[in-house]
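*Asks:* got a predicted model here, sequence first, then my questions.
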Amino acid sequence: MFATPALACDIDGWGKGDYEYDAGSSYRYGDEGMNEIPVMEGSKNVSFLKETAAVSLNASESGLPVTGADVYAYKGYAYMGTHRLGSGSNEGIRVFDMKDPSNPVEVAKFADNLPGTWQEKIIVKSVNTPHFKGDLAVVSVQRFNGDAEKVGTVIYDVTDPVNPIELGFWETPEAHLNGGGTHELYLTTQGNRALLLAANSGSYRRSGGEIHDFVIVDVSNPAEPQEIYQFDPKTVIPEVDQTYRFVDEHNQTRSISVHSVIADTTGKYAYLSAWDMGTVILDISNPEEAEFVGRTSYEEQVQGAAHSAALAKGGNVLIETREVFNPVRHGYEQGFGYVRIYDIKDKANPELISTFQTDNAENMTTGYPGFTVHDPKVLGNTLYLSHYFDGVRIVDITSPSNPEEIGAYVPEKSNIWGVFVHRNYILASDMETGLKVLQKTGNGNGKK
């Protein structure tokens with residue numbers, strides 16, 4: 001039997017306890033393979049995508065199923081995090097050789113030497129610093145139970161993905177709820193510097209002055225990571241109280257939690273998904289003295305819940321996904337979370353230009369975590385969304401003000417956590433059934 005999946009985010013305050021749903025009503029939805037859609041030209045031709053591989057995850061000792069978390073790919077290898085298994089076993093990061101995408105081969109496992117923790121997020125980048133040259137991986141380490149000795153971010157050399165080597169560890173402060181850990185993260189470079197951007201979801205891990213909700217850590221020397229910056233939301237919203245809540249201009253009580261973070265390709269700007277505070281844009285060109293630039297905000301009846309972000313159109317368009325897993329909440333519009341798209345040419349004043357919402361996200365009112373959008377990825381003019389029970393949704397954003405769904409992959413009992421596009425395939429991580437691979441396998445004439 002599979003373990004009951006945990007959410008990507010479970011914040012205090014506006015968390016599960018405040019939501020009007022039946023926690024036992026979890027169910028799945030979907031059919032096998034891709035939904036039929038019209039044939040498109042060029043980059044829009046996704047009608048022939050098919051599931052070509054499905055790899056289940058199992059615990060190495062017990063053989064029990066492992067709950068899948070996020071997925072990332074780099075240089076022909078897929079890296080998949082693991083989430084909470086009922087037994088609390090630390091299953092680390094799984095590495096797959098994708099030389100034959102229809103037959104992923106697990107070749108390594110790492111970060112599995114940390115009892116009492118779970119690993120959700122991994123980012124891999126090539127870096128060149130005075131201390132390290134090669135492919136660096138940063139992995140979030142979160143507390144699962146009292147067995148955890150340390151939490152935060154573990155750093156690995158994956159230049160040879162088959163033989164990962166642990167290099168260092170950045171620990172969140174002990175006072176941080178006895179070490180709650182890093183939830184999501186990002187790795188960026190500035191010249192010969194490597195910077196870890198760590199989101200530690202402080203809104204439910206408060207510790208007085210040591211909140212460490214978002215920090216920048218210099219990992220140029222991976223063996224000696226150095227924290228160089230900490231974001232304080234009170235510098236933007238002075239009215240934020242000690243519980244990380246504030247009352248907005250609509251008299252709605254909002255809650256702040258830096259859930260995730262990305263950087264642009266230049267490493268100059270960081271985008272913090274700060275829940276009801278929206279997406280916060282920081283200029284990190286001088287990372288020791290990062291500066292607030294602007295942020296998104298919400299209309300009165302829109303739940304915040306800024307969960308993740310992606311950039312499009314050369315960094316001039318922001319894709320904001322909102323993980324609203326309570327579709328019926330008093331005082332707010334009905335529906336699960338959906339996408340908001342912003343013009344950010346003027347980063348001090350993000351302009352909402354469109355939204356994208358699946359039919360199920362709009363109309364379904366039960367199920368947990370349900371039909372909310374989760375994570376976004378962008379390749380060219382195509383947006384890929386992981387959507388839990390709604391699978392993977394593929395959206396044409398050639399015109400960002402008019403997003404158009406052009407494909408959907410909804411496997412049986414879909415519970416899609418993450419999505420990633422690499423080379424000639426799409427990866428999807430299903431929380432309960434493992435790694436999925438989608439490829440273009442036909443041309444519409446019965447040929448493969």
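*Replies:* Received the coordinates, thanks.

*Asks:* okay, CA-based contacts and neighbour counts for the rest of this
*Replies:* Will do.

*Asks:* which residue comes closest to the residue sitting nearest the centre point of the chain once chain neighbours are left out?
*Replies:* Of all residues in the chain, the one closest to the mean position by Cα atoms, centre = their mean is Asp375, 5.1 Å from it. Spatial nearest neighbour of Asp375, chain neighbours left out: Ser386 (5.3 Å); criterion: Cα to Cα, 6 or more residues apart in numbering.

*Asks:* would you agree the one you found is in contact with Trp417?
*Replies:* Yes - if you go by Cα atoms under 8 Å, Ser386 and Trp417 touch, sitting 5.9 Å apart.

*Asks:* find residues that contact each of the two.
*Replies:* 374-375, 428 (Cα atoms under 8 Å, 6 or more residues apart in numbering).

*Asks:* tell me the one among the residues you listed nearest to Glu300.
*Replies:* Nearest to Glu300 among these is His374, at 22.1 Å by Cα to Cα.

*Asks:* now do the same for the closest one: helix, strand or coil?
*Replies:* Classification of His374 using DSSP: H, G, I helix; E, B strand; the rest coil returns coil.

*Asks:* so who does it touch?
*Replies:* 307-308, 321-323, 385-388, 417-418.

*Asks:* swap in 7 Å and give it another go.
*Replies:* 321-323, 385-387, 417 (Cα atoms under 7 Å, 6 or more residues apart in numbering).

*Asks:* any quick ChimeraX command for the buried ones out of the residues you listed?
*Replies:* With 16 or more other Cα atoms under 10 Å as the burial test, the buried ones among those are selected in ChimeraX as follows:
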select :321,322,323,385,386,387,417
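
*Asks:* in strands, which of the contacts of His374 appear?
*Replies:* By the criterion of DSSP state E, membership of those in strands covers 321-322, 385-386, 417.

*Asks:* what would these look like in a markdown table with distance to Arg295 and pLDDT?
*Replies:* Listed next are the ones in strands among the contacts of His374 as a markdown table, based on distance: Cα to Cα, whole Å; pLDDT from 0 to 100:
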| residue | distance to Arg295 | pLDDT |
| --- | --- | --- |
| Thr321 | 14 | 98 |
| Arg322 | 15 | 98 |
| Leu385 | 22 | 97 |
| Ser386 | 24 | 97 |
| Trp417 | 26 | 95 |
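
*Asks:* mind putting those residues into a markdown table with distance to Ala361?
*Replies:* Putting the ones in strands among the contacts of His374 into a markdown table (distance: Cα to Cα, whole Å) gives the following:
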| residue | distance to Ala361 |
| --- | --- |
| Thr321 | 12 |
| Arg322 | 11 |
| Leu385 | 13 |
| Ser386 | 13 |
| Trp417 | 16 |
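
*Asks:* please enumerate the helices of the stretch 301-448 of the chain.
*Replies:* With helices called from DSSP state H, counting those that start in this stretch, the stretch 301-448 of the chain shows them at 359-363.

*Asks:* sketch out the low-pLDDT regions of it for me.
*Replies:* 442-448 (pLDDT under 70).

*Asks:* these two touch, right, Ala194 and Thr188?
*Replies:* Yes - with contact defined as Cα atoms under 7 Å, Ala194 and Thr188 form a contacting pair (6.0 Å).

*Asks:* picking that back up, state the distance from the residue nearest to Asp375 to Tyr338.
*Replies:* 11 Å (Cα to Cα, to the nearest Å).

*Asks:* quick check: neighbours shared by those two?
*Replies:* Common neighbours of Ser386 and Tyr338 (Cα under 7 Å, 6+ apart) are Val373.

*Asks:* count the neighbours of Gly380 for me.
*Replies:* Other residues lying near Gly380 total 12 when counted by other Cα atoms under 10 Å.

*Asks:* and the gap between it and Gly315?
*Replies:* Gly380 is 11 Å from Gly315, by Cα to Cα.

*Asks:* got the contacts of His374 as TSV, with distance to Thr159 columns?
*Replies:* Compiled in TSV, the contacts of His374 are given as follows (distance: Cα to Cα, whole Å):
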residue	distance to Thr159
Thr321	32
Arg322	34
Glu323	34
Leu385	29
Ser386	28
His387	32
Trp417	26
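
*Asks:* between the contacts of His374, which sits nearest Lys133?
*Replies:* The closest of the contacts of His374, once distances to Lys133 are taken by Cα to Cα, is Trp417, at 31.5 Å.

*Asks:* isn't that closest one right next to Tyr388, touching?
*Replies:* Yes - with contact defined as Cα under 7 Å, Trp417 counts as touching Tyr388 (5.9 Å).

*Asks:* for Pro403, give me its contacts.
*Replies:* By Cα under 7 Å, 6+ apart, Pro403 lies in contact with 356, 395-397.

*Asks:* likewise Lys436?
*Replies:* With contact set as Cα under 7 Å, 6+ apart, Lys436 has these partners: 51, 53-55, 427-429.

*Asks:* so of the residues you listed, which ones are in strands?
*Replies:* Among the contacts of Lys436, the members found in strands (DSSP E) are 51, 53-55, 427-429.

*Asks:* could you count how many residues lie near Val55?
*Replies:* By the criterion of other Cα under 10 Å, Val55 has 17 neighbours.

*Asks:* pull the contacting residues for the residue lying closest to it once chain neighbours are set aside.
*Replies:* Excluding its sequence neighbours, the residue lying closest to Val55 (Cα to Cα, 6+ apart) is Leu435, at 5.0 Å. Neighbour list for Leu435: 54-56, 428-429 [criterion: Cα under 7 Å, 6+ apart].

*Asks:* also Asn128?
*Replies:* Contact criterion Cα under 7 Å, 6+ apart gives 134, 192 as the residues in contact with Asn128.

*Asks:* same question, Thr372
*Replies:* Contacts of Thr372 (Cα under 7 Å, 6+ apart): 323-325, 336-338, 361, 387-388.

*Asks:* right, and Pro104 touches Met80 too?
*Replies:* No - taking contacts as Cα under 7 Å, Pro104 lies outside contact range of Met80: 11.9 Å.

*Asks:* which among the contacts of Thr372 gets closest to Gly180?
*Replies:* Nearest to Gly180 among the contacts of Thr372, counting by Cα to Cα, is Glu323 at 20.7 Å.

*Asks:* tally of neighbours for the spatially closest residue to that closest one that is not a sequence neighbour?
*Replies:* Excluding the flanking residues, the one nearest Glu323 by Cα to Cα, 6+ apart is Gly337, at 5.1 Å. Neighbours of Gly337 under the rule other Cα under 10 Å: 30.

*Asks:* contacting residues for Gly337?
*Replies:* Gly337 makes contact with 322-325, 361, 372-373 under the criterion Cα under 7 Å, 6+ apart.
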